[in-house]
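Participant: coords below, sequence missing:
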């Protein structure tokens, strides 16, 4: 592992479970990052490795190794996107086993945090600490399908298309929108070896999976008792994609969870407050 | 202002509004604390200056000046405890004006955070940032009187009496109780010039005030829109004195609030995680 950063880390590949997984792995070794427990990122709906914010990934890479990957069927990874969170978690575990990683911290965002929850339940041996961002539990409030706000936002046209994310991740306030434009700039800074956009089969399969995850069930939060790892739940005050109350529900039902909510922030609060988010997560991981 | 600490800061007095207010004021100047904006502490039900945790006060005093005080009628301060939060906030403002302080950060705990809210509304010019710990809004959930849990806990006998606070501030878990005993030790470390215990008139007057604050009203959270200062709301995951959901309600209704909830913690989560709390608050104040 050389001294790569978000913009320079090469896309590598590893085979597992019949899938050729694309991933990137980096740490700021010059700065003295410890590389014993990497931080594994689980990406959101229709996202690729290039959708992560370098302010976060390079921020964390000051202290620890960071692993980004595309799950099966997404962008530069081969295979098909399955239609359940359980299968996505199994793919992620196959990928991690193929890398030979025995212990990690997991950071999931939105759909990626559904997968991270399931991954932690399936493979508690692998996960030391868990960070759940902009997400919710199975059968959470307003999670049976896309929220009305999400349907409107994802259904609208944008020019350029990237402006979609200003509405998904940020509030309408001036400050939040300005932070959003800075996030898009940072995200676009990697010019070479970017991931291809996901194909047209990704979104429908992921929607099917998140609808199964969100469907009403009896005693839906009982499964959270099985996640005994220290967990940090983070969201914005006004998440219209996965309602903020779901972060409170997660915290109240997980055995060992801290909750942080940021003001005037929507689904992508960690991109609005990247420095503070890295500081909060680093305090949590180093405690 | 010399280089005092929690245990050595002398109790001083200042006259205002016919009250002789007792207070202590200190900062670690040797360490380089900035003294332009002090941090003013608002104490909880039946507490005196000696009920603050030195791990917090000395922790903050590394970076900034700390001001503790007893409000009117409490312990070493003269006068009578009024029966409304509004009058308590007026007393606090008279005290601060008498000190000549023009700008401060305010940290209120429980009843003290009701007063800090009212103080901020009355005197927005004085308050730069606000920290609300283990508290709730007017007419919050279960706040019309003491919760059933609080009635049981405050009504029981303890030997020594200080063990009351192990149940008020900490959960029944082994880890939380062990943290509670450490808190009581730290709190007892000041041996000289301690505050006298509050007299028998304090609790009934404060109960009357908190019942008025908690009484059901129409559109009870509208007043929170008037607190535009950056605010940090902190509580434990399982506060049985002022239910944790009230911290979420505060965050959701304040215009500019961050929320932090700590795991396996009751009303005194800041005493269970003193180091992390000081780090979180310091990040908030220095942002």
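Facilitator: Yep, that arrived. Since the model is a prediction, treat every value here as computed from it, not as a measurement. Numbers count the residues shown, from 1 in each chain, chains lettered A, B, ... in the order given.
Participant: wait, residue A:7 sits on residue A:54?
Facilitator: Yes - checked against Cβ atoms under 8 Å, the pair residue A:7 and residue A:54 is within contact range at 6.6 Å. Any C-beta I mention is one placed from the backbone N, CA and C, and that applies to glycine too.
Participant: so which residues of the stretch 1-150 of chain A form helices?
Facilitator: Under the criterion DSSP state H, counting those that start in this stretch, helices of the stretch 1-150 of chain A are mapped to A:54-61, A:85-99, A:111-122, A:148-155.
Participant: can you redo those as TSV with mean neighbour count and distance to chain B?
Facilitator: TSV is the format used below for the helices of the stretch 1-150 of chain A (neighbours: other Cβ atoms under 10 Å in any protein chain shown; distance: least, Cβ to the nearest Cβ, whole Å):
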stretch	mean neighbour count	distance to chain B
helix A:54-61	22	14
helix A:85-99	21	24
helix A:111-122	25	16
helix A:148-155	14	16
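Participant: the ones you listed: which one's closest to residue B:40?
Facilitator: helix A:54-61 (33.3 Å; Cβ to Cβ).
Participant: give me the pLDDT value at the residue lying closest to residue A:83 once chain neighbours are set aside.
Facilitator: Counting by Cβ to Cβ, 6 or more residues apart in numbering or on different chains, residue A:83 lies nearest to residue A:208, which is 4.0 Å off, once chain neighbours are set aside. We have a pLDDT of 97 for residue A:208.
Participant: over to residue A:271?
Facilitator: Looking at residue A:271, the pLDDT reads 98.
Participant: got it, and residue A:179?
Facilitator: 98.
Participant: same check, this time on residue A:30
Facilitator: 72.
Participant: tell me what the one residue sitting closest to the centre of chain A is bridged to.
Facilitator: Nearest to the mean C-alpha position of chain A, by Cα atoms, centre = their mean, lies residue A:109 at 2.7 Å. Beta bridges link residue A:109 to residue A:133 when assigned by DSSP bridges.
Participant: show me the contacts for it.
Facilitator: Residues near residue A:109 by Cβ atoms under 8 Å, 6 or more residues apart in numbering or on different chains: A:41, A:42, A:43, A:44, A:133, A:134, A:135, A:270.
Participant: excluding chain neighbours, give the residue nearest to the third one in space.
Facilitator: It refers to residue A:43. Nearest one to residue A:43, counting by Cβ to Cβ, 6+ apart, is residue A:112 at 4.8 Å.
Participant: repeat for residue A:244
Facilitator: residue A:235 (5.4 Å).
Participant: what's the local residue count around the one you found?
Facilitator: 33 (other Cβ atoms under 10 Å in any protein chain shown).
Participant: repeat for residue A:286
Facilitator: Residue A:286, neighbours per other Cβ under 10 Å, totals 9.
Participant: again, but for residue A:185
Facilitator: Neighbours of residue A:185 (other Cβ under 10 Å): 9.
Participant: residue A:138 too?
Facilitator: So residue A:138, with other Cβ under 10 Å, has 20 neighbours.
Participant: relative to the whole chain's centre, how far out is the strand or helix carrying residue A:233?
Facilitator: Residue A:233 belongs to strand A:231-236 when elements are defined using DSSP states H and E. Between the centre of strand A:231-236 and the centre of its chain there are 12 Å (Cα atoms, centre = their mean, to the nearest Å).
Participant: picking up where we left off before, what sits in contact with each of residue A:7 and residue A:54?
Facilitator: Joint contacts of residue A:7 and residue A:54 (Cβ under 8 Å, 6+ apart) are A:189, A:190.
Participant: quickly run through the sheet partners of the helix or strand of chain A with the lowest mean pLDDT, with directions.
Facilitator: Scoring the helices and strands of chain A by mean pLDDT, DSSP states H and E places strand A:34-42 at the bottom, with a mean of 91. Applying DSSP bridges to the sheet, strand A:34-42 is found paired with strand A:64-69 (parallel), strand A:104-109 (parallel).
Participant: turn those strands into a markdown table, columns for mean pLDDT.
Facilitator: Compiled in a markdown table, the strands paired with strand A:34-42 are given as follows (pLDDT from 0 to 100):
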| stretch | mean pLDDT |
| --- | --- |
| strand A:64-69 | 97 |
| strand A:104-109 | 98 |
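Participant: what's the closest of the ones you listed to residue A:252?
Facilitator: Closest among the strands paired with strand A:34-42, using Cβ to Cβ: strand A:104-109, at 18.8 Å.
Participant: now that closest one against helix A:54-61, angle please.
Facilitator: 170 degrees (axes from the mean of the first three to the mean of the last three Cα atoms, to 10 degrees).
Participant: relative to strand A:231-236, how tilted is strand A:104-109?
Facilitator: Using the same axes, to 10 degrees, strand A:104-109 lies at 20 degrees relative to strand A:231-236.
Participant: okay, and for chain A, where does confidence drop off?
Facilitator: Within chain A, the stretches with pLDDT under 70 are A:1-2, A:31-32.
Participant: all strands for it, in order.
Facilitator: A:12-16, A:19-26, A:34-42, A:64-69, A:104-109, A:127-133, A:231-236, A:257-262 (DSSP state E).
Participant: give the burial count for residue A:234, as a bare number.
Facilitator: 26.
Participant: of all the residues in stretch A:278-287, which ones are buried?
Facilitator: For stretch A:278-287, burial by neighbour count (16 or more other Cβ atoms under 10 Å in any protein chain shown) applies to A:278, A:279, A:280, A:281, A:283, A:284, A:285.
Participant: next: stretch A:137-144.
Facilitator: Within stretch A:137-144, the residues that count as buried by 16+ other Cβ under 10 Å are A:137, A:138, A:139, A:140, A:141, A:142, A:143.
Participant: ok, the contacts of residue A:109 vs chain B, which is closest?
Facilitator: residue A:270 (13.1 Å; Cβ to the nearest Cβ).
Participant: which ones are touching that closest one?
Facilitator: Per Cβ under 8 Å, 6+ apart, neighbours of residue A:270: A:53, A:56, A:109, A:133, A:134, A:234, A:277.
Participant: what does the stretch 151-287 of chain A put close to chain B?
Facilitator: For the stretch 151-287 of chain A, the residues in contact with chain B (Cβ under 8 Å from any Cβ of the partner chain) are A:230, A:237, A:244-245, A:248, A:251-252, A:254-264, A:276, A:279-280, A:283, A:287.
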